[in-house]
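J.: sharing a model that was predicted from the sequence below.
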Amino acid sequence: MFSLSGNKSADGVRGYPGSPVVSAEAKVLPRPLRRVVRFVISLCSGRIVLPRHLGKVSLAAFYGVVGLHGVVVGGHGPVVAQAVTSTAGFAVEDVRVSGNQHTSEIDILQLLGLDGSTSLLGLDIAAARAALSKLPWVESAEVRKVYPSTVEVVLRERQAYAIWQHGSDLSLIERSGSVIAPLRDNKFASLPLFVGRDAETAAASIDEEFSKWPAIASRVKAFVRVGGRRWDVHLDNGVVVRLPEENVAGALALLNRFDEEQQVLSRDIAMVDMRLPDRVAVRLTPGAQERRLAALEERRKALKKLEQKI
């Protein structure tokens, strides 16, 4: 048997056979670095065997990292994410819309930006809601994601209260006077018509006054704002009622009494002027004026003949 012992010399120390000779004056490496050096030595000496295909996997990982870096730096992340998630089965395939009585579904789909390959994960709900809220008829909009491939849109639309004519343009307005959209068809022809500057903001107040007198209100064809202060009311038979600037309620009560007692609004007249508080003026139509003059002339002649006989 042989015993192993370390042999010392003046130039170095040998710890075990085959170990590197470390000079007494050499610097000692830090512990983490010593581990790295030992690993490299073992790898080079063949004591550590690398797994098969490690090089291919490392090369693929390197290319993947480089590609990901390029996508992020180039700002293509959302596009790539949308393409990946759409391919994975999250493409939007169904859009359910409710509450849209006047808003076209085509307009809704265009604003959502759905092209058949849009990913449900990539759909921006806040942006979609803001875009839909800008549609003329939409008061509020709710957009929900229903996984894996459905979008639900719930709209609350504005209510048309009346038609406002300003110049030659016709617009639909809310009760508050806010303009909804231009008038495009005749399906709103039954709504009251308000004409003139500031007529849209004062429409609700005058309509409320007339609602107390349904017999007169049912015959109104248009409310015309005059000077931003008062109203001329056009009836369906062509009669124009000029209302005062103040005490509209009292004027309407008086007009209703005249109509019940004397059917003044059904007579052959052109205008009823109620602007003065102490009197009511009535203007006849041209035909009625001619008939009245002819009747007065016949009466004058009859009186003259009677005087001659006496």
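T.: Received the coordinates, thanks. Numbers count the residues shown, from 1 in each chain.
J.: phi and psi next, for Glu307.
T.: Backbone torsions of Glu307, given as degrees, to the nearest 10, read phi -70, psi -40.
J.: neighbours around it, how many?
T.: For Glu307, the tally of surrounding residues (other CB atoms under 10 Å) stands at 8. For glycine as for every other residue, the C-beta is placed from the backbone atoms N, C-alpha and C.
J.: how near is it to Ala60?
T.: 128 Å (CB to CB, to the nearest Å).
J.: ditto for Ser140
T.: 50 Å.
J.: for Asp236, give me phi and psi.
T.: In terms of degrees, to the nearest 10, the main-chain angles of Asp236 are phi -70, psi -20.
J.: actually Leu303, not the one I wrote
T.: Per-residue torsions, Leu303: phi -70, psi -40 (degrees, to the nearest 10).
J.: ok, it - contacts?
T.: Applying CB atoms under 8 Å, 6 or more residues apart in numbering to Leu303 gives no contacts.
J.: isn't Leu172 right next to Phe188, touching?
T.: Yes. Using CB atoms under 8 Å, Leu172 is in contact with Phe188, at 6.2 Å.
J.: quickly list what's touching both of the two.
T.: What both Leu172 and Phe188 touch, as defined by CB under 8 Å, 6+ apart, is the set Ala160, Ile163.
J.: who's more crowded, the two?
T.: Neighbour count, other CB under 10 Å: between Leu172 and Phe188, Leu172 has more, with 23 against 14.
J.: distance-wise, check the more buried one relative to Val92.
T.: According to CB to CB, Leu172 and Val92 sit 33 Å apart.
J.: cool, Val40 as well?
T.: For Val40, the distance to Val92 - CB to CB - is 54 Å.
J.: how about Ala181?
T.: Distance of Ala181 to Val92, given as CB to CB: 28 Å.
J.: same drill for those two, tell me which one is more crowded.
T.: Val92 (22 against 14).
J.: residue contacts, the more buried one?
T.: Leu114, Thr118, Ser119, Leu120, Leu123, Ser149, Thr150, Val151 are the contacts of Val92 under CB under 8 Å, 6+ apart.
J.: and if you look at Asp236?
T.: Asp236 sits next to Arg219, Val220, Lys221 when contact means CB under 8 Å, 6+ apart.
J.: what's the nearest residue to the second one if we skip its chain neighbours?
T.: The spatially closest residue to Val220, leaving aside those adjacent along the chain, is Val233, at 5.8 Å (CB to CB, 6 or more residues apart in numbering).
J.: Ser171 contacts Pro182, correct?
T.: Yes. If you go by CB under 8 Å, Ser171 and Pro182 touch, sitting 5.5 Å apart.
J.: quick one, which of those two is more surrounded?
T.: Ser171 (16 against 10).
J.: what lines up beside the helix or strand that contains the more buried one in the sheet?
T.: Using DSSP states H and E, Ser171 falls within strand 169-173. Strand 169-173 pairs in its sheet with strand 162-166 (antiparallel), strand 179-182 (antiparallel), by DSSP bridges.
J.: tell me the mean pLDDT for it?
T.: Averaged over strand 169-173, pLDDT sits at 96.
J.: residues contacting the most centrally placed residue in the chain?
T.: Per CA atoms, centre = their mean, the C-alpha nearest to the average position across the chain is that of Ser133, at 1.4 Å. When contacts are counted by CB under 8 Å, 6+ apart, Ser133 touches Ser140, Ala141.
J.: what's the answer for Ala160, then?
T.: Per CB under 8 Å, 6+ apart, neighbours of Ala160: Leu172, Ile173, Glu174, Ile180, Phe188, Leu191.
J.: widest-spaced pair of those residues?
T.: Glu174 and Phe188 (12.7 Å; CB to CB).
J.: in the helix or strand where Ala128 lies, what's buried?
T.: Per DSSP H and E, Ala128 falls inside helix 125-132. Within helix 125-132, the residues scored as buried using 16 or more other CB atoms under 10 Å are Ala128, Arg129, Ala131, Leu132.
J.: switch those over to CSV; also include distance to Asp273 and pLDDT.
T.: Listed next are the buried residues of helix 125-132 as CSV, based on distance: CB to CB, whole Å; pLDDT from 0 to 100:
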residue, distance to Asp273, pLDDT
Ala128, 56, 92
Arg129, 53, 94
Ala131, 52, 94
Leu132, 50, 95
